[in-house]
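> Okay, structure incoming, though there's no sequence with it:
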């Protein structure tokens, strides 16, 4: 079965919704206008069970099927990014410094399209829980929604989500069983010495050599402590120190992003980071303040639900239009919190050529929406047929 005819008919509407959202992006948990827009559309579709204000601006809406059965969760993220848009579109962001540079406007539109179709047809048993989530980019909105009890409160048995992917052929689905995206942790270190005149370093305790040594030493964790058969990344992304060429600064700051899949590797990296920071600080006679932000866990797909999702995707895109054994991605995703608690699957959806994610020239391809909305709708109809 290709793209559902009714959803193909909804393509102009989905594009209209998406472009409205693109013009009015919001950050983090502050998706008030976006949530109001979503709730208004759901009411127009005849959906009466709409729960608002979860994780501040998140929504869970329930569509009842025909007959008893479990509840399937379908999730879309709603938040944008702090990027100044450079697309030149006539529906470009009206909010300076904020844009939908990751396609969450498209994800929301696809779930709305699936919602309208499912509310009209209800060709499934049980229930569908539509999860519209804020703060995927920063803040872990998925975790907050889980902590606020949506999975138990709405008796959600399994969960599914899509993310658009530029550079992958339009309508192609990409996924894999097991870990598909990495855990992400963030390191913040402040090294403090004694500042002074650059001409008299012997009267100072210089944090600059210490921060340089720390940046170099952190690279040995992956190369010398982690098995070559285990994937991990430690990337130093910021170093800040000093104000003038003739002043030895008092402090130096370093930030790093850390990615991994295996929980034991993740824990080992944290241990080694603290050991290396302490050793470098002692060697350079500086003090060290370390903050290790334990972030999103790895996104791990359930094997059985992934096989099911692949079959559903193949019904829409054909067997050749599904890559079921994709490589792992070092990016991170807070849908991982839902997958920690419930079996499910996270998939990528190709949207053809275009600027990459988180780029100022990025734009979601509206031609991808019927594929995504059809997949989400068919998950419910296939898992729980009448």
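Right, received. Where do you want to start? None of the values given here were measured: they were computed from a predicted structure.
> any idea how far residue 221 lies from residue 336?
22 Å (CB to CB, to the nearest Å). For the C-beta atoms, the positions are set from N, CA and C on the backbone; glycine is no exception.
> which residue ranges form the helices in the stretch 151-300 of the chain?
Along the stretch 151-300 of the chain, counting by DSSP state H, counting those that start in this stretch, helices occupy 207-218, 220, 263-284.
> before we move on, what about the stretch 1-150 of the chain?
5-9, 11-23, 32-44, 104-121, 141-147, 150-153.
> tell me the most buried of the ones you listed?
helix 104-121 (a mean of 25; mean count of other CB atoms under 10 Å).
> What helices and strands are in contact with it?
Counting contacts by 3 or more CB pairs under 8 Å, 6 or more residues apart in numbering; DSSP states H and E, helix 104-121 packs against helix 5-9, helix 11-23, helix 32-44, strand 58-64, strand 71-77, strand 127-133, strand 156-165, helix 369-383.
> can you redo the ones you listed as a markdown table with distance to residue 355 and mean pLDDT?
A markdown table is the format used below for these (distance: least, CB to CB, whole Å; pLDDT from 0 to 100):
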| stretch | distance to residue 355 | mean pLDDT |
| --- | --- | --- |
| helix 5-9 | 26 | 96 |
| helix 11-23 | 14 | 98 |
| helix 32-44 | 22 | 98 |
| strand 58-64 | 28 | 98 |
| strand 71-77 | 19 | 98 |
| strand 127-133 | 24 | 98 |
| strand 156-165 | 12 | 98 |
| helix 369-383 | 18 | 98 |
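> Residue 236 is nearest to which of those?
strand 156-165 (27.1 Å; CB to CB).
> so what strands line up beside the closest one?
Paired neighbours of strand 156-165 in the sheet (DSSP bridges): strand 71-77 (parallel), strand 344-350 (parallel).
> Could you check the first one and say which residues are buried?
Judged by neighbour count (16 or more other CB atoms under 10 Å), strand 71-77 contains these buried residues: 71, 72, 73, 74, 75, 76, 77.
> Then stretch 360-380?
In terms of neighbour count (16+ other CB under 10 Å), stretch 360-380 has its buried residues at 362-366, 368-380.
> Kindly report the same for stretch 199-207.
204, 205, 206, 207.
> could you list every residue that touches the residue nearest to the second one when sequence neighbours are not counted?
Same thing as residue 205. In space, and not counting its chain neighbours, residue 205 is closest to residue 193: 3.4 Å by CB to CB, 6 or more residues apart in numbering. Contact analysis of residue 193 by CB atoms under 8 Å, 6 or more residues apart in numbering lists 204-207, 210, 248-251, 284-287.
> Looking at those, which are in strands?
If you go by DSSP state E, the contacts of residue 193 have 248, 251, 287 in strands.
> between those residues, which is closest to residue 36?
Residue 36 lies nearest to residue 251 out of the ones in strands among the contacts of residue 193, by CB to CB, at 44.3 Å.
> Which residues does the closest residue to the closest one other than its chain neighbours form beta bridges with?
Once flanking residues are discounted, residue 251 sits nearest to residue 192: 5.0 Å by CB to CB, 6+ apart. With DSSP bridges as the criterion, residue 192 is bridged to residue 251, residue 287.
> which residues touch residue 192?
207, 250, 251, 286, 287, 288, 289.
> likewise residue 94?
Residue 94 makes contacts with 23, 24, as judged by CB under 8 Å, 6+ apart.
> ok, it to residue 27 distance?
Per CB to CB, residue 94 is found 14 Å from residue 27.
> List phi and psi for the residue nearest to residue 205.
Per-residue torsions, residue 193: phi -120, psi -130 (degrees, to the nearest 10).
> Selection in ChimeraX covering whichever of the ones in strands among the contacts of residue 193 are buried, please.
This is how ChimeraX selects the buried members of the ones in strands among the contacts of residue 193, with burial counted by 16+ other CB under 10 Å:
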select :248,251
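> Tell me the one among the ones in strands among the contacts of residue 193 nearest to residue 154.
Comparing these against residue 154 with CB to CB places residue 251 closest, at 48.3 Å.
> Give me the distance from stretch 198-211 to the chain's centre.
How far stretch 198-211 lies from its chain's middle: 41 Å, per CA atoms, centre = their mean, to the nearest Å.
> before we move on, what about stretch 80-95?
Remark: stretch 80-95 is offset 20 Å from the chain centroid, using CA atoms, centre = their mean.
> That one - what's its average pLDDT?
Throughout stretch 80-95, pLDDT has a mean value of 98.
> Pull the number of nearby residues for residue 82.
As a burial measure, residue 82 scores 13 neighbours (other CB atoms under 10 Å).
> Outline the domain layout of the chain.
5-181+298-383, 183-294 (automatic domain parsing).
> among those domains, which is the most enclosed?
domain 5-181+298-383 (a mean of 20).
> mind listing what the spatially most central residue of the chain touches?
A centroid search over the chain (CA atoms, centre = their mean) returns residue 333, at 3.2 Å, as the residue closest to the centre. Contacts for residue 333 (CB under 8 Å, 6+ apart) come out as 136, 163, 181, 296, 299, 346.
> State the pair within these that is farthest apart.
Farthest pair in these (CB to CB) is 163 and 296. Separation: 13.8 Å.
> before we move on, back to that, columns distance to residue 236 on top of the helices of the stretch 151-300 of the chain, output as TSV?
Below are the helices of the stretch 151-300 of the chain laid out as TSV (distance: least, CB to CB, whole Å):
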stretch	distance to residue 236
helix 207-218	5
helix 220	12
helix 263-284	11
